[in-house]
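Enquirer: Provided below for reference: sequence and predicted model.
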Amino acid sequence: MILALVIASLYIVYFVYLLLAGAGVTRTSGVLRTAAWKSVVTALIIGVAVGVFAPAVGLQVFLVVMLLSSLMFLPVATLSRARDFVMPSSSALEAVCLNVLVLAVGEPSPTFPIFDLVFQGGYHALLNPFASFMPPWLGMSLSLWPAVLALRLAALGTKASERARYLLIVWVHVMSIIWVLPAAITSLFSFKGESPLKYVELLFACLGLVYVVLTWMTLRDAMSGKRTHLDGEVSLDVTAKLGVARVLAQRMDPGRLPPAALVAAGAVTYLVVWLALMTLLDPQSAASIGFMLVVVGGALVNRGGGKPASDARAPARPAAAWLPSAGALIVLAVFALPLAMASLAARHQGTFLLERAEVRAPRDVRAADASQRLCDFEKAGTWLLDCHRNHSWVLEAVSHPAEVAQPTGFDLDEANEYALEFESRTLHCAQVPAQAAGGEVTMLVVYVPGSTDGSQYAWTQERDATCARVVEVLRPAISGSGPGFGYRGQQLQWLGELR
């Protein structure tokens, strides 16, 4: 079912993508129809062959081959019938903002070890492969070479050379591929369809794949010297007799904004990404927000995108006017980045970072001694955890997940108590039948044996909660926090450090 949704999403995204590119319904339908029948035939041949020997997996194999075949035949059909409509374009504005974005966020999101080696290697190679051997300020300065080149093109306008424009547009799109592809892979492999948001993420992942595949094949054609005009095409660029490389160069718009405005746009991009990092503490989400800002901002400024920049205004300033702007951008990045990273590290200090934590299940779960049974609950306006008759703590004040409502009753006579042995220490966990607003639940009370402080207790509840799902949580070192404990149910819930 999930594979079928992925396939359907892929074709829907391709249809919308080509329509928005101006290919029209007839041409777009022809592309999808060609790719679909080729993919179905390929999947049937392989699926039936496998199904003869393993009927149980025949349908699964068919869907897998259908997906892989579609990923191959859709871009091939697009480039054979609508190449001019999917030729990528860019601008000096996008180049500056993208350069600032990738430096602010860092390496692409992790996927698989082999892929990560390629993505991260490409990321460093496109910026500065020698940055780790240089002082930070020098490495940062040299890593801004694409933005500096974009500032120079913005100053030259129509006088900018095609070679420089071609180099910059290739950099923009290769860097975009290195960033978009890992995020798309992560979304596809983590898709489970448990919420509407996940389906939205799936559509964006398919859109990312469409962009990556079409852009890569276009860049490949540019490097191999292929023409843009094929049989049956109508070129939007009136450059049907030119090679792909020259068309790409003409689609890099250098002269819409002065260099100073591009520096300001880069500063805004950095500020937005930094705020996203401070709020979400998730580089992948911050990068997605930054990419949306760059794409939307570039589209709004460059409303004539997709056409040659030959009609861009000539610069009304000296050709060297970009130098002060380049110096300002470098100074801004060299001095702002350490301050921003220091504030981000301070923000991390007080954050749990559960999504990046290492989770360890207990090494042993055994029944606790009867003499160590959990203390009683008392109702005195609110529930009190009364443990030693002289130590009582309000249940709401004890560590618990914020989204979990307080129970309305307990059945301590039916409770079971377990000792959970972890690498660092041993905890006790009482598994108590309870009542809540939504019906019958199981309440877990987790505590340190011999506790004398309410901070050494925690509780949570779910319909079928069990003490075996209580886990040790080791957060990243950047959080500045020691190990704690959580409950791994429908999602990981934080219970506290319980020291």
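Expert: Everything's here; your move. Residues are numbered from 1 along each chain as shown.

Enquirer: Grab the nearest non-local neighbour of the residue nearest the centre of the chain.
Expert: With distances taken as C-alpha atoms, centre = their mean, the residue of the chain nearest its centroid is Gln284 (3.4 Å). Excluding the flanking residues, the one nearest Gln284 by C-beta to C-beta, 6 or more residues apart in numbering is Ser109, at 4.3 Å. (C-beta placed from N, C-alpha, C; glycine too.)

Enquirer: thinking again about what came up before, check which helix or strand covers the residue nearest to the centre of the chain.
Expert: For Gln284, the host element (DSSP states H and E) is helix 283-301.

Enquirer: Need the contact partners of that helix.
Expert: For helix 283-301, contacts defined as C-beta atoms under 8 Å, 6 or more residues apart in numbering pick out 90-91, 93-94, 97-98, 101, 104-106, 109, 176, 179-180, 183, 186, 204, 256-257, 265, 269, 272-273, 276-277, 280, 305.

Enquirer: how about Val25, what does it touch?
Expert: Per C-beta under 8 Å, 6+ apart, neighbours of Val25: Leu19.

Enquirer: any idea how far Leu19 is from it?
Expert: 7 Å (C-beta to C-beta, to the nearest Å).

Enquirer: I'd assumed Gly122 was in contact with Ile178.
Expert: Yes: at 4.8 Å, Ile178 and Gly122 qualify as touching, with contact defined as C-beta atoms under 8 Å.

Enquirer: State the distance from Val57 to Ile46.
Expert: Counting by C-beta to C-beta - Val57 and Ile46 are separated by 12 Å.

Enquirer: Comparing these two, which shows the higher neighbour count?
Expert: Ile46 (18 against 13; other C-beta atoms under 10 Å).

Enquirer: separation between that one and Ala35?
Expert: 17 Å.

Enquirer: same check, this time on Val294
Expert: Val294 is 30 Å from Ala35, by C-beta to C-beta.

Enquirer: what do you get for Leu67?
Expert: In terms of C-beta to C-beta, Leu67 sits 12 Å off from Ala35.

Enquirer: the more surrounded of the two?
Expert: Ala35 (23 against 18).

Enquirer: For that one, give me its contacts.
Expert: 70, 73-74, 76-77.

Enquirer: related to what we said a few turns ago, can you count the residues close to the residue nearest to Gln284?
Expert: Neighbours of Ser109 (other C-beta under 10 Å): 22.

Enquirer: Run through the helices of this protein in chain order.
Expert: Using DSSP state H, the helices of the chain run over residues 2-20, 24-53, 58-81, 92-105, 113-127, 136-142, 145-156, 162-190, 196-224, 244-250, 259-280, 283-301, 322-349.

Enquirer: quick one: average pLDDT of the second one?
Expert: Spelled out, that is helix 24-53. Here helix 24-53 scores 87 as its mean pLDDT.

Enquirer: residues of it that come out buried?
Expert: Of all the residues in helix 24-53, those buried under the rule 16 or more other C-beta atoms under 10 Å are 27-28, 30-32, 34-36, 38-40, 42-43, 46-47, 50-51.

Enquirer: and if you look at the fifth one?
Expert: Across helix 113-127, burial judged by 16+ other C-beta under 10 Å covers 119-120, 122-123, 126-127.

Enquirer: coming back round to it: so which of the contacts of Ala35 wins on neighbours?
Expert: Leu74 (27 neighbours).

Enquirer: any idea of the pLDDT on that one?
Expert: 87.

Enquirer: Leu71 versus the closest residue to it other than its chain neighbours, what's the distance?
Expert: Leaving aside its chain neighbours, Leu74 sits nearest to Ala35 (4.4 Å; criterion: C-beta to C-beta, 6+ apart). Distance of Ala35 to Leu71, given as C-beta to C-beta: 10 Å.

Enquirer: likewise Val273?
Expert: 30 Å.

Enquirer: okay, the two: which has more neighbours?
Expert: Val273 (26 against 17).

Enquirer: I'd assumed Leu101 was in contact with that one.
Expert: Yes: Val273 is within contact range of Leu101, at 5.9 Å (criterion: C-beta under 8 Å).

Enquirer: if I look at Arg251, how far off is Val170?
Expert: 11 Å.

Enquirer: which ones are touching Asp221?
Expert: 79, 244.

Enquirer: On the pLDDT front, check it for me.
Expert: pLDDT, read off for Asp221, is 74.

Enquirer: what's the distance between it and Val331?
Expert: In terms of C-beta to C-beta, Asp221 sits 40 Å off from Val331.

Enquirer: and if you look at Ala367?
Expert: From Ala367 to Val331 the distance is 66 Å (C-beta to C-beta).
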